[in-house]
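Asker: Quick check, what structure comes out for this input:
(one chain, ligands or ions: 1)
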Amino acid sequence: MASTSAKLESTTPTGEKNKHKMHHFFISESSYRLTAEGGGRRPTIDECRMTARETPIFWPAIYRSGFKCRQCNKSYSSKDMYLDLTVTAGTTDYSEVKPARTELFRSPLVSFLYERGWRQNFNLSGFPGPDEEFKMAQEYFKPAEGGLLVDVSCGSGLFSRKFAKSGTYSGVIALDFSENMLRQCYDFIKKDETILNSNLALVRADVSRLPFSSGSVDAVHAGAALHCWPSPSNAIAEISRILRSGGVFVGTTFLRYTPSTPWFVRPLRQRTPGNYTYLIEEEIKDLCTTCGLTNYTSKVQQAFIMFSAEKP
Ligand SMILES: C[S@@+](CC[C@H](N)C(=O)[O-])C[C@H]1O[C@@H](n2cnc3c(N)ncnc32)[C@H](O)[C@@H]1O
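Answerer: Numbers count the residues shown, from 1 in each chain. Below is the predicted model:
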């Protein structure tokens, strides 16, 4: 089936005309029947792990009823503003508590404050600030121009919005585990006509189980996120799996310490269970390499590191 770039005219789950055109998502050819089966009945897809870049999902169908995977029979629910592709989507009695560093960002208050002061504090640790970090990331992403970019752990979409607005990518997926961060992201997007008309989708997922098929993504961005992940190794293995050959991963995080940190301070910054996982640069490089990524490179400023690696 030929891919199409036509924008979908859509309605919200409540039936209103939807002026928000963030509905350009992609699903594999085999799942195209989703468009035909929408309209009340639960649509089915062939695989949970979506294939990028073929046919846009018909969002209204998903919004009305969620969908079911033909392979594993798992049902996925939708939440108006974002598609919930976590394993626990749809559970009613079972709930799962993640480590504190993940749970913290699910709070409505933290999600609200995130772009209203919280993120600005990162500058004190050497983060250059969103505009400069965006520019730096765009340099690394040059080989992925025109492709699909997934902004994992996007928070309230600080960078997803910039990537979408840049027009550099055929599609941007803003992905986070926090429902409230995604709601904030949606609120910011609603206010900006340029982004509304861009090809941006919001997805809830765990970075340790990314809902994309192997080799289907051109670029993965993870801003200030690695230290928040329950398992950085699982996350980077997943990122490596979904990247196509030549695809680029760019991440930023806080380093536990740098070569210039005095030796007597280092023991005070040991990794402690429960808190954020601050790594040192050698550990980040080792993880990328062990997960099959190559051409590791980085820029460090105080505790800030931006690193990049490629899928061979
Ligand atoms: C410090 S914020 C970073 C937000 C944004 N990328 C930035 O550069 O400012 C870290 C984000 O990681 C997300 N996160 C934590 N655990 C996660 C997980 N298991 N899967 C996906 N995202 C997760 C949090 O919800 C939070 O939005």
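Asker: Surely Tyr296 is in contact with Asp286?
Answerer: No. Using CB atoms under 8 Å, Tyr296 makes no contact with Asp286, being 9.3 Å away. Every residue, glycine included, has its C-beta placed from N, CA and C.
Asker: which of those two has more neighbours?
Answerer: Neighbours were counted for Tyr296 and for Asp286 using other CB atoms under 10 Å; Tyr296 has more, 17 against 14.
Asker: Would you indicate which residues of the helix or strand encompassing the more buried one are buried?
Answerer: Taking DSSP states H and E as the definition, one finds Tyr296 inside strand 294-301. Across strand 294-301, burial judged by 16 or more other CB atoms under 10 Å covers 296, 298.
Asker: who does that strand touch, helix- and strand-wise?
Answerer: Packed against strand 294-301, as judged by 3 or more CB pairs under 8 Å, 6 or more residues apart in numbering; DSSP states H and E, are the following elements: helix 281-290, strand 304-310.
Asker: Pipe those into a markdown table and attach mean pLDDT per row.
Answerer: Shown next, in a markdown table, are these (pLDDT from 0 to 100):
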| stretch | mean pLDDT |
| --- | --- |
| helix 281-290 | 97 |
| strand 304-310 | 98 |
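Asker: can you tell me which of the ones you listed comes nearest to the ligand?
Answerer: Taking CB to the nearest ligand atom, strand 304-310 is the member of those nearest to the ligand, at 10.8 Å.
Asker: Any idea how far the closest one is from the middle of the chain?
Answerer: Remark: strand 304-310 is offset 16 Å from the chain centroid, using CA atoms, centre = their mean, to the nearest Å.
Asker: Tell me the strands beside that strand, with direction?
Answerer: According to DSSP bridges, strand 304-310 forms sheet pairs with strand 243-254 (antiparallel), strand 294-301 (antiparallel).
Asker: could you redo those as CSV and give each row distance to Val110?
Answerer: Listed next are these as CSV, based on distance: least, CB to CB, whole Å:
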stretch, distance to Val110
strand 243-254, 17
strand 294-301, 25
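Asker: that older thread, format the helices and strands packed on strand 294-301 as a markdown table; extra columns: distance to the ligand.
Answerer: Listed next are the helices and strands packed on strand 294-301 as a markdown table, based on distance: least, CB to the nearest ligand atom, whole Å:
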| stretch | distance to the ligand |
| --- | --- |
| helix 281-290 | 16 |
| strand 304-310 | 11 |
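Asker: Could you identify which of those is most buried?
Answerer: Using mean count of other CB atoms under 10 Å, the stretch among the helices and strands packed on strand 294-301 with the largest mean neighbour count is strand 304-310, at a mean of 22.
Asker: contact partners of that one?
Answerer: Strand 304-310 has contacts (CB atoms under 8 Å, 6 or more residues apart in numbering) with 122, 125-128, 133, 136-137, 140, 143, 246-255, 281, 284-285, 288-289, 293-299.
Asker: How much space separates the closest residue to the ligand within the stretch 51-200 of the chain from Leu202?
Answerer: For the stretch 51-200 of the chain and the ligand, the shortest gap (CB to the nearest ligand atom) falls at Gly155, measuring 2.7 Å. Computed as CB to CB, to the nearest Å, the Gly155 to Leu202 distance reads 12 Å.
Asker: now Asp218
Answerer: Per CB to CB, Asp218 is found 19 Å from Leu202.
Asker: Up against the ligand, what does this structure have?
Answerer: Counting by CB under 6 Å from any ligand atom, the chain comes close to the ligand at 102, 105, 119, 153-155, 158-159, 176-178, 181, 206-208, 223-225, 228-230.
Asker: okay, now whatever residue of the stretch 201-312 of the chain ends up closest to the ligand: neighbour count?
Answerer: Proximity of the stretch 201-312 of the chain to the ligand (CB to the nearest ligand atom) peaks at Gly223, 2.6 Å away. Using other CB under 10 Å, the number of residues around Gly223 comes to 25.
Asker: who touches it in this structure?
Answerer: 133, 137, 151, 153-155, 158-159, 251-252.
Asker: Restricted to helices, list these.
Answerer: 133, 137, 158-159 (DSSP state H).
Asker: what pairs with the residue nearest the centre of the chain across the strands?
Answerer: For the chain, Val152 is the residue whose C-alpha lies nearest the centre (CA atoms, centre = their mean; 2.2 Å). Following DSSP bridges, Val152 is listed with bridge partners Leu175.
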